[in-house]
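Undergrad: Can you look at this prediction? I've put the sequence above it.
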Amino acid sequence: MSQSTGDSRLDRTRPGLPPMLWFAASILSVGLAGLSPRAAAAQTVVQDDFEDGTTQGWVPRGTAVLTNTTEAANTGSRSL
């Protein structure tokens, strides 16, 4: 026959951690189990090159008119 110490907070099945902390740690470990580091695949988010001779992807402000030209190119061969 076992004797009770009268302290219901004492859990001898999980030494070292109080029951509430053990519960929080187990929930955290289950939540993080699905997170594994993976290398992200390279994706083009924005391609803003007008060197192809078009104005595709570029929009004018106000009443401006966009024209792709070679007249005022800076480092490439074309400009807007």
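TA: Structure received.
Undergrad: Report the secondary structure state of L21.
TA: Secondary structure for L21, judged by DSSP: H, G, I helix; E, B strand; the rest coil, is helix.
Undergrad: which residues does it contact?
TA: Applying Cβ atoms under 8 Å, 6 or more residues apart in numbering to L21 gives no contacts. The C-beta positions use only the backbone N, C-alpha and C, and glycine is treated the same way.
Undergrad: any idea how far the residue nearest to R78 when sequence neighbours are not counted is from A64?
TA: Counting by Cβ to Cβ, 6 or more residues apart in numbering, E51 is the residue found nearest to R78 once chain neighbours are left out, at 5.0 Å. Per Cβ to Cβ, to the nearest Å, E51 is found 20 Å from A64.
Undergrad: With R38 instead?
TA: Counting by Cβ to Cβ, the gap from R38 to A64 is 44 Å.
Undergrad: Name the residue in these two with the higher neighbour count.
TA: Set side by side, R38 and A64 show more neighbours around A64, with 9 against 6, by other Cβ atoms under 10 Å.
Undergrad: The residue nearest the centre of the chain and D48, how far apart?
TA: Against the mean C-alpha coordinate of the chain, by Cα atoms, centre = their mean, the closest residue is A40 at 9.8 Å. With the distance defined as Cβ to Cβ, A40 ends up 21 Å from D48.
Undergrad: Could you do L66 as well?
TA: 13 Å.
Undergrad: Where do the helices of this protein begin and end?
TA: 19-32 (DSSP state H).
Undergrad: any low-confidence regions in it?
TA: For the chain, the stretches flagged by pLDDT under 70 are 1-17, 30-36.
Undergrad: about what we covered before: wait, what's in contact with the residue nearest to R78?
TA: Going by Cβ under 8 Å, 6+ apart, E51 touches G76, S77, R78.
Undergrad: Could you give me the ChimeraX syntax to select whichever of those residues are buried?
TA: Applying 16 or more other Cβ atoms under 10 Å to those, the buried members can be selected in ChimeraX as follows:
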select :78
